[in-house]
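Undergrad: let's see this in three dimensions:
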Amino acid sequence: MAGQINIVDYLEAGLKGASIRQATIANNIANLGTPGYRRVAVQFEKNLAKAMAEGKAVDIGELTRQVMSPKDTPVDANGNDVTLEMEIGEMVKNTGMQKTYLRLLARTYRKIESAMTLR
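TA: Predicted structure coming up:
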């Protein structure tokens with residue numbers, strides 16, 4: 001049972017991180033024409049993987065601190081580095097991850113429910 005609880009915690013943390021990422025992507029798109037705006041990104045997978053490898057709980061608050069400005073993309077004449085194509089690509093990829101976390105979480109809950117019903 002403890003293993004199932006840990007996986008639920010990890011899946012919920014992944015879902016929270018993907019949700020934060022979705023919001024940052026939407027913010028990037030909203031600032032597409034803002035002079036001097038630099039895109040932001042969320043990098044939480046390394047911390048999630050590290051927590052899982054060490055068998056530790058994931059600090060949800062730490063996920064929100066993983067929002068950063070990569071500053072590795074070219075800027076336009078206005079000093080803005082947001083491109084709609086890149087953000088849409090990131091959104092599609094992130095939506096796939098969100099769906100994966102949700103499906104795994106639903107499957108885990110079904111297994112827990114099934115185990116409780118058998119008793």
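Undergrad: where does the protein have its least confident helix or strand?
TA: helix 60-64 (a mean of 67; mean pLDDT, DSSP states H and E).
Undergrad: beyond the host helix or strand of Ser19, next helix or strand please.
TA: For Ser19, the enclosing helix or strand under DSSP states H and E is helix 2-30. Downstream of helix 2-30, the first helix or strand assigned by DSSP H and E is strand 41-42.
Undergrad: other SSEs contacting the following helix or strand past that following strand?
TA: Downstream of strand 41-42, the next assigned helix or strand under DSSP H and E is helix 45-54. If you count contacts as 3 or more CB pairs under 8 Å, 6 or more residues apart in numbering; DSSP states H and E, helix 45-54 packs onto helix 2-30. C-beta: built from backbone N, CA, C; applies to glycine.
Undergrad: list the buried ones in the helix it packs on?
TA: Buried residues in helix 2-30, counted by 16 or more other CB atoms under 10 Å: 6, 9-11, 13-18, 20-22, 24-25, 28.
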